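**Student:** Here's my sequence, what's the structure:
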Amino acid sequence: MKESKGKLIAYWIITVLVAANFALQGVLYLHQGTDIQMGAKALGYPLYFFALLGVWKLLGAVAIVLPGTPIVKEWAYAGMFINLTGASISNGIAKFPVQHIVLPMVFLAFVIASWALRPASRRTEKRF
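**Tutor:** Next up, the predicted model:
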């Protein structure tokens, strides 16, 4: 079945935005500037946790834009889902301002849209 051109364009726009967001976050987490250090302290997480997240965010950004490797893409999308829901929950528990709870969910909507709009060539085969 042929993919519609509009759906493919929407997929690429959303996917590039998701990948750019995760790549930027990855770089910021690896740089560990003052904002990251303060956030880690407020959340009670060790700073090395953000270095680990930074690496995974960069790898996830690359995974969703590279051709082929549909299973790696599935894992990247799953990791993004876990990351963003975990961020929202952590920020809520730490009693951060509401935008720090809502923004990860907004980004999650983009991740879900990217996942849902994938062309057939970027999906795993159904095995049942």
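
**Student:** Next SSE downstream of whichever helix in the chain runs longest?
**Tutor:** Longest helix in the chain, counting residues (DSSP state H): helix 5-31. Downstream of helix 5-31, the first helix or strand assigned by DSSP states H and E is helix 34-43.

**Student:** Could you tell me the angle between the longest helix of the chain and helix 34-43?
**Tutor:** Helix 5-31 runs at 80 degrees relative to helix 34-43, counting by axes from the mean of the first three to the mean of the last three C-alpha atoms, to 10 degrees.

**Student:** Pull out the buried positions in helix 5-31.
**Tutor:** Across helix 5-31, burial judged by 16 or more other C-beta atoms under 10 Å covers 11, 14, 15, 18, 19, 21, 22, 23, 25, 26, 29, 30. All C-beta spots, glycine's among them, are computed from the backbone N, C-alpha and C.

**Student:** Looking at these, which one is closest to residue 44?
**Tutor:** Within the buried residues of helix 5-31, proximity to residue 44 (C-beta to C-beta) peaks at residue 29, which comes in at 16.5 Å.

**Student:** helix or strand for the closest residue in space to the closest one that isn't next to it in sequence, which one?
**Tutor:** Computed as C-beta to C-beta, 6 or more residues apart in numbering, the closest residue to residue 29 that is not its neighbour in sequence is residue 54, at 3.1 Å. Per DSSP H and E: residue 54 is located in helix 47-65.

**Student:** Which neighbouring elements make contact with that helix?
**Tutor:** Packing partners of helix 47-65 (3 or more C-beta pairs under 8 Å, 6 or more residues apart in numbering; DSSP states H and E): helix 5-31, helix 34-43, helix 70-93.

**Student:** Tell me which residues touch residue 39, please.
**Tutor:** residue 50 (C-beta atoms under 8 Å, 6 or more residues apart in numbering).
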